[in-house]
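Asks: quick one, structure for this:
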Amino acid sequence: MDIGKAFSFVTEDPDALKKILIGGIISMIPIVNFAAMGYVVAVIRRVANDDPYPLPEWDNFGLYFSEGFKVLVGLFVYFLPVTLLMFVFMIIMALAGGFNGDIDAQSADMVFGGSVFLLQCVMFIYALAVSILLPAAFARFAEEGTIGSMLQFGKIFAFIRSNPGGYVVMLLVWLAVSYLIAPLGILACFVGIIFTSWWSYLVFGHMMGQLMRQNALAV
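Replies: Numbering: from 1, shown residues only. All right, here's what the predicted structure looks like:
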C-alpha cells in the first residue's frame, strides 16, 4: 500500500482546493452531509479503478446523497445492537432504583455495578469488532452499491483475509489520521478541523481503493 499517495493524492488534482472546500462545507451540514459519505464511496471506486484523478467533481450530488444515505442505513444496522444494549442499561438503572426500597443499598449497588460492568465489556468488544469490520463493509458497498452488501459477512471476512497485512496498516493509519492529525485543525479557530476531518475521510477512501485494487489483482 502506498500510504504516501493516500496523503498526497489530493494535491495532484488541479481542482483539489475547490473540491475539498465544497466537501468540507457539505460535511458540516446535517442531512446534506449524507452526500459527503457518498462522495467518499466515489473516491474509493475511482482509486480501485486506478483513475489518475480520484477526486470526482461535485456534479452528481443526487447520487452521492443517495449512496451516502444507504451507507448510513448500513451503519445504523451495525450499531443497532449497541443501541439495544443501551436500552437494556436504562432498564437496569430503573430496576436498580426500584430495588432500593426492597433490598439493602449495598446489595443494590453490587447488582447495579456488576450489570454496568458486564454491559460495558460487551459494548467495548462489540464496538471494537465493528470498527475492524466497517472499512471492509465500505469496500463491499463501493463494489456493489447496496445496503445488503455491507452485511455480507462472508465476503467481508474474505476481503480482510485476502490482504490482512494491508488491512491492518490501513486501520492503523486511519486511526492515526482521525485521532492525531485531523484534530489539529482545531488550532485554526475551530474552523480548520472541518476541513482536516474531511481530508482524513479522503485519505481513508484512497487507502480503501488501493486495497480493493490490490485484492482484485490478487484474484
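
Asks: where do the helices of the protein begin and end?
Replies: 3-8, 16-27, 34-48, 61-99, 105-144, 153-162, 164-176, 192-218 (DSSP state H).

Asks: return the most buried member of those helices.
Replies: helix 34-48 (a mean of 23; mean count of other Cβ atoms under 10 Å). In this view, the C-beta of every residue, glycine as well, is placed from N, C-alpha and C.

Asks: so what touches that helix?
Replies: Residues external to helix 34-48 that are found in contact with it (Cβ atoms under 8 Å, 6 or more residues apart in numbering): 9, 23, 26-27, 53-56, 58, 60-61, 63-69, 71-72, 138-139, 141-142, 198, 201-202, 204-206, 208-210, 212-213, 216.

Asks: tell me how far residue 69 lies from residue 139.
Replies: Applying Cβ to Cβ, to the nearest Å, the value for residue 69 to residue 139 is 18 Å.

Asks: how about TSV for the helices of the chain, with mean pLDDT added?
Replies: Below are the helices of the chain laid out as TSV (pLDDT from 0 to 100):
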stretch	mean pLDDT
helix 3-8	88
helix 16-27	88
helix 34-48	94
helix 61-99	82
helix 105-144	80
helix 153-162	91
helix 164-176	88
helix 192-218	80
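
Asks: would you confirm that residue 5 contacts residue 206?
Replies: Yes - counting by Cβ atoms under 8 Å, residue 5 sits close enough to residue 206 to count as a contact (6.9 Å).

Asks: can you list contacts of stretch 153-162?
Replies: Residues from elsewhere that reach stretch 153-162 (Cβ under 8 Å, 6+ apart): 132-133, 136-137, 139-140, 149, 167, 211, 215, 218-219.

Asks: could you rerun that using 7 Å?
Replies: 133, 136-137, 139-140, 167, 215, 218 (Cβ atoms under 7 Å, 6 or more residues apart in numbering).

Asks: and it, how far out from the chain middle?
Replies: From the chain centre to the centre of stretch 153-162 is a distance of 17 Å (Cα atoms, centre = their mean, to the nearest Å).
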